[in-house]
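1. Just need the structure, nothing else, for what follows:
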Amino acid sequence: MRVEQLVTSGTFSLDGGTWEVDNNVWLLGDDREVLVIDAAHDASAIAAAVGDRRVSAIVCTHAHDDHVNAAPELAALTGAPVLLHPDDEVLWKLAHQSATPGGRLANGQLLRVGGSAAHVLHTPGHAPGAVCLYVPELGVLFSGDTLFKGGPGATGRSYSDFPTIISSISGTLLTLPGETVVHTGHGEDTSIGAEAPQLEDWIRRGH
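-> This next block holds a predicted model:
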């Protein structure tokens, strides 16, 4: 089992604004099959990184358009289902008028790949259906936009809520081992241990 990173570039649009963004696309698997985590911007580049491996699923950490805009095309290229937490269907519909996800994510669900399993953690706040994937065997967490190096994901736009994201981080993510490596949706990696001491400061700044 290994983790591979691909950075793709495009735009994020919500609430009437559009911003240029670089997204981390993560591949979790082995030489035979992979999970794709967040199919952002460029389905062809993601398919090239996958190569001849089977894609067991395309997992959406949430449905902001920069994280799902390449998901239907990648699904068509690979035959893999797109998995999304149902609480984020409202955001999915903003990005895709006709395409629909192929399956649902739920808290506590296990996604098996390459002889291992990723644990789905529902972590609302940045988006109502935001999830993280925890792989204890590798000591890694894929946090989407819930947790970054230096703080929680943004909560200033529609369908987001600051107290909710703080609850998700403190009650779920910060209970993981401190050495857990956090692979984020944008930017650099961090760790649970590096972020945990800053919780009270985040709360003060958020208020």
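2. and Arg205, what does it touch?
-> By CB atoms under 8 Å, 6 or more residues apart in numbering, no residues touch Arg205. Where you see a C-beta, it was placed from the backbone N, CA and C, and this is true even at glycine.
3. Flag every buried residue along stretch 159-175.
-> Within stretch 159-175, the residues that qualify as buried are Tyr159, Ser160, Phe162, Thr164, Ile165, Ile166, Ser168, Ile169, Ser170, Thr172, Leu173, Leu174, counting by 16 or more other CB atoms under 10 Å.
4. Report the spatially closest residue to the fourth one, excluding sequence-adjacent ones.
-> The one in question is Thr164. Take Thr164 and drop its neighbours on the chain: the residue closest to it by CB to CB, 6 or more residues apart in numbering is Gly125, 4.0 Å away.
5. Can you name every helix or strand that the longest helix along the chain contacts?
-> As assigned by DSSP state H, the longest helix anywhere in the chain is helix 162-171. Applying 3 or more CB pairs under 8 Å, 6 or more residues apart in numbering; DSSP states H and E, one finds that helix 162-171 contacts strand 151-152, helix 199-206.
6. could the ones you listed be laid out in a markdown table, adding distance to Gln5 and mean pLDDT?
-> A markdown table is the format used below for those (distance: least, CB to CB, whole Å; pLDDT from 0 to 100):
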| stretch | distance to Gln5 | mean pLDDT |
| --- | --- | --- |
| strand 151-152 | 21 | 95 |
| helix 199-206 | 26 | 78 |
